[in-house]
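**Q** The following block contains a protein sequence and its predicted model.
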Amino acid sequence: MRNRSGIQGVASSPILVGAVTVLVVMVAVFLAYNANNGLPFVSTYDLKARVPNADALVKGNDIRIGGTLVGTVRSVVPVQLSDGRTAAELTLSLDKSAEPLPVNSTIMIRPKSALGLKFLQITPGDSSKGFAPGSTIPLKAARPEPVDIDQFFSMFDEPTRDAIRQSQAGFGTALAGRGPQLNEAFGALRNVVVNGDTPLRILAAPSTDFAGFWEALEDLSATVAPVAVTQANLFVALDATFGAFARVSRPFIQETISKSPPTLDAANADLPVLRPFLDDSARFFAALKPGAKALGDTSPVIAASLHAGVPVLNASPVLNNQLEPTAQALVDFQNAPGVFNGLELLTDTNEILDPALKFIAPAQTDCFYATLLFHNLALSTGGHNSLGHWLNATTFNPPEGPNAEAIPSSVPANGPETENHLHYNPFPNTGAPGQPNGCEAGNEKYATGQTVIGPASKVWGTVTTREAEEE
């Protein structure tokens, strides 16, 4: 009886009942106000995420995984990236059941209703590694937003509607009065459906990965979306290009198209025959390449030869006219008695002189000694002063000293003055058979105070003055 009376006493107190009622109402209001931010005193799995464009996603919007509510968006703030672009950073409050979210998960902002309400959809990945609490889902995880209903209807602007009306009018005009033809077309479609069963089965088979084709097509569309303006400009330029083609379509392009098949047939018939020639030409030009490269270095000489050869070629008819009697004279000379005997004697003479010529010839061919002899002789007889030629002056400048060779002497000049010593080499080396290469005469070092007869003890070089000038 005592407890019952206590309960009745509490219930009978209007002040206490009113206070409890006010407290319950305040708690309900607080819970309703914070419903979008989650229940208080409940542990959450907090992450951040970056998207290129929040696109009307606001604080308190849902976060869903597979259509199930797993959290709410706590805040949406703009951030500037390191490359200067602007993105949106989302603060996500997820249930503990979503922890840990795989690092290769993707996010997408999707419409929740036709009135513009949005939600954030998370598609978990298959990675064994997850985001730690407080981590940021990178920008690369964001996927393009699906087209909203308002964006879809916004493409039907006034120019588009006018174009649709014109298209409908054109299609109506095109179909008017063509009922029989359409019936025939529909009848032919049956054969298409019957015969298309096998190709469709092949497309539907898992081995063809037809679904992967559409995924790749989606990725391609996402790739070309940023360059949509560039593609539009491309079509504008193509319009100008095809407009230019239209002006020359008849008869030029038309004739090109009509003549292309016979030209292609002729090419198909001729190219196999020409292929061996082309292969030989390729090998010929490959072999010609070193010669052409060398020809570039000698082209100035060839050009000069051509300039000099033109007058010679112009005069060649006169020479050709003179060659015929000359050739006839040679034939008559050959047929004359004794010519062959003379040629045989000349051959014998050459064979006898051949060893001597091989030994003597290098003196001129390698060292130019005969040329130098006549050159110096011409200088000594040609140069002069008022007293006479230089060759005459040598008689007035005889060497001095014992056995100076100016008068009869018993021994070679050998001093006592250091300047009066004989240096004589009767057989200097000229590169003849059995001799070292080089031109010894004229390159000997004068041995002061010594009499040197025979090969010099030291030479200064291996070429003569005339040979150096020629080089």
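**A** Arrived safely, thanks for sending. Residues are numbered from 1 along each chain as shown.
**Q** for this structure, longest helix please?
**A** Counting residues, the longest helix in the chain under DSSP state H turns out to be helix 254-335.
**Q** number of nearby residues for T198?
**A** T198: 9 surrounding residues under other CB atoms under 10 Å. Glycine gets a C-beta too; all of them are placed from N, C-alpha and C.
**Q** gap between it and A204?
**A** In this view, T198 and A204 are 11 Å apart by CB to CB, to the nearest Å.
**Q** May I see the buried residues of the following helix or strand past the longest helix of the chain?
**A** Sequence-wise, the next helix or strand downstream of helix 254-335 (DSSP states H and E) is helix 339-365. By 16 or more other CB atoms under 10 Å, the buried positions in helix 339-365 come out as 362-363.
**Q** same for the helix or strand following helix 339-365, what does it pack against?
**A** Per DSSP H and E, helix 339-365 leads on to helix 369-382 as the next helix or strand towards the C-terminus. Packing contacts for helix 369-382, counted by 3 or more CB pairs under 8 Å, 6 or more residues apart in numbering; DSSP states H and E, involve helix 339-365, strand 388-389, helix 390-393, helix 465-470.
**Q** residues in contact with the helix or strand harbouring N233?
**A** Taking DSSP H and E as the criterion, N233 maps to helix 228-247. With CB atoms under 8 Å, 6 or more residues apart in numbering as the test, helix 228-247 has contacts from 224, 253.
**Q** what about dumping the CA coordinates of it to CSV?
**A** Provided in CSV are the C-alpha atoms of helix 228-247 (Å, rounded to 0.1, in the frame of the first residue of the first chain):
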residue,chain,number,x,y,z
ALA,A,228,34.4,17.6,-76.7
VAL,A,229,35.0,21.2,-77.8
THR,A,230,38.0,20.1,-79.9
GLN,A,231,35.9,17.5,-81.5
ALA,A,232,33.2,20.0,-82.3
ASN,A,233,35.7,22.2,-83.9
LEU,A,234,36.9,19.2,-85.9
PHE,A,235,33.4,18.6,-87.3
VAL,A,236,33.2,22.3,-88.2
ALA,A,237,36.5,22.0,-90.0
LEU,A,238,35.3,18.8,-91.7
ASP,A,239,32.2,20.7,-92.9
ALA,A,240,34.5,23.3,-94.6
THR,A,241,36.6,20.4,-96.0
PHE,A,242,33.6,18.5,-97.4
GLY,A,243,32.2,21.8,-98.7
ALA,A,244,35.4,22.2,-100.7
PHE,A,245,35.1,18.6,-102.0
ALA,A,246,31.5,19.3,-103.0
ARG,A,247,32.7,22.0,-105.4
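**Q** How many neighbouring residues does A88 have?
**A** Neighbour count of A88, defined by other CB under 10 Å: 19.
**Q** now it, what's its secondary structure?
**A** Assigned by DSSP: H, G, I helix; E, B strand; the rest coil, the conformation of A88 is strand.
**Q** For the stretch 1-150 of the chain, just list every one of the helices.
**A** 2-11, 14-33, 149-154 (DSSP state H, counting those that start in this stretch).
**Q** Mind checking the pLDDT average for the helix holding N233?
**A** Average pLDDT, helix 228-247: 87.
**Q** repeat for stretch 252-259
**A** For stretch 252-259, mean pLDDT is 87.
**Q** what distance separates that stretch from the centre of its chain?
**A** Put simply, stretch 252-259 sits 37 Å off its chain's centre (CA atoms, centre = their mean, to the nearest Å).
**Q** Stretch 450-469 now?
**A** On CA atoms, centre = their mean, the centre of stretch 450-469 falls 59 Å from the chain's centre.
**Q** What lies in contact with that stretch?
**A** 366-369, 371-372, 375, 412-414, 421-426, 428-429, 437-440, 442-445, 447, 471.
**Q** No more questions from me, cheers.
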